[in-house]
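[1] quick one, what's the 3D model for this:
(chains A and B)
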Amino acid sequence: GNSVTQMEGPVTLSEEAFLTINCTYTATGYPSLFWYVQYPGEGLQLLLKATKADDKGSNKGFEATYRKETTSFHLEKGSVQVSDSAVYFCALNTGTASKLTFGTGTRLQVTL
Amino acid sequence: GAGVSQSPSNKVTEKGKDVELRCDPISGHTALYWYRQSLGQGLEFLIYFQGNSAPDKSGLPSDRFSAERTGGSVSTLTIQRTQQEDSAVYLCASSLAAAGNTIYFGEGSWLTVV
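    This next block holds a predicted model:
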């Protein structure tokens, strides 16, 4: 079956620090990979996605590269801001069934 | 509306009562999903509707949970004889069919069973 493993949180960083949130997956077939973000008091929003190996998804300064050889989709940002404080979820779907399998989420707290 | 709409946004109910949660997906989206997000837990898949196909109910935690989708659009998630462990945020989402399409989430219905 499909599964997603994310690094445990919370992650606490100072503003302008470099961010990495690790995500690895197990999937049948060729999954599409996603990062969703949930800001405090808000719903889940798609942050970025990649649909095939070696694709790089990017948005709002965040990037993640689909690495088939390591079954990973790590989220990175070069310089975080306080406004990036949120919970980040890695997810995948496969084949014709588009339902998402999520990781447990990683809470990011950015301080001044 | 432009996004996935859910109602109610908050519901407090007594243990043992039935509740209904409504989801209005984005117009034209054939796929509709229900997820549950419990405090301190990840996102748990409940049920998935795709067009006229039989729904994937593999995530429903017990027979107290059911969902229907009328006319291929609006969906209702029903929880019978609610228990305290049912307290969670229930998220609805919709998408165009097939993997790789973006799945859009509503803001959720926060259920508290007292």
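
[2] now the biggest strand by length in chain A, how far from the chain's geometric center?
    Using DSSP state E to define each element, chain A has its longest strand at strand A:86-94. How far strand A:86-94 lies from its chain's middle: 5 Å, per Cα atoms, centre = their mean, to the nearest Å.

[3] in stretch B:13-25, which residues are buried?
    Buried residues in stretch B:13-25, counted by 16 or more other Cβ atoms under 10 Å in any protein chain shown: B:13, B:19, B:21, B:23-25. Heads up, the C-betas are built off the backbone N, CA and C, glycines and all.

[4] check contacts around A:Leu44.
    Counting by Cβ atoms under 8 Å, 6 or more residues apart in numbering or on different chains, A:Leu44 touches A:36-38, A:89, B:43, B:91, B:93, B:105.

[5] ignore the last one, A:Val87
    Shown in contact with A:Val87 (Cβ under 8 Å, 6+ apart): A:9, A:37-38, A:105-108.

[6] near chain B too, which of those?
    Counting by Cβ under 8 Å from any Cβ of the partner chain, A:Gly105 from those sit close to chain B.

[7] can I get the contacts of A:Val87 in TSV with neighbour count and secondary structure?
    Below are the contacts of A:Val87 laid out as TSV (neighbours: other Cβ atoms under 10 Å in any protein chain shown; DSSP: H, G, I helix; E, B strand; the rest coil):
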residue	neighbour count	secondary structure
A:Gly9	15	coil
A:Val37	21	strand
A:Gln38	21	strand
A:Gly105	24	coil
A:Thr106	20	strand
A:Arg107	15	strand
A:Leu108	20	strand
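
[8] of the contacts of A:Val87, the lowest pLDDT goes to which?
    Ranked by pLDDT, these bottom out at A:Gly9, which scores 86.

[9] residues contacting it?
    Residues near A:Gly9 by Cβ under 8 Å, 6+ apart: A:87, A:105-108.

[10] now it: phi and psi?
    Main-chain torsions, A:Gly9, degrees, to the nearest 10: phi -110, psi -170.

[11] roughly how far does it sit from chain B?
    11 Å (Cβ to the nearest Cβ, to the nearest Å).

[12] could you dump the contacts of A:Gly9 into TSV with distance to A:Lys68 added?
    Output for the contacts of A:Gly9, formatted as TSV (distance: Cβ to Cβ, whole Å):
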residue	distance to A:Lys68
A:Val87	26
A:Gly105	24
A:Thr106	22
A:Arg107	28
A:Leu108	26
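
[13] now flag whichever of those is closest to chain B.
    Distance to chain B across the contacts of A:Gly9 (Cβ to the nearest Cβ) is lowest for A:Gly105, with 5.7 Å.

[14] taking the contacts of A:Gly9, tell me the two that lie furthest apart.
    Using Cβ to Cβ, the contacts of A:Gly9 reach their maximum pairwise distance at A:Gly105 and A:Leu108, which is 10.0 Å.

[15] show the pLDDT at the closest residue to B:Leu43 other than its chain neighbours.
    Nearest residue to B:Leu43 in three dimensions, chain neighbours excluded: A:Phe102, at 4.1 Å (Cβ to Cβ, 6 or more residues apart in numbering or on different chains). Model confidence at A:Phe102, given as pLDDT, is 92.
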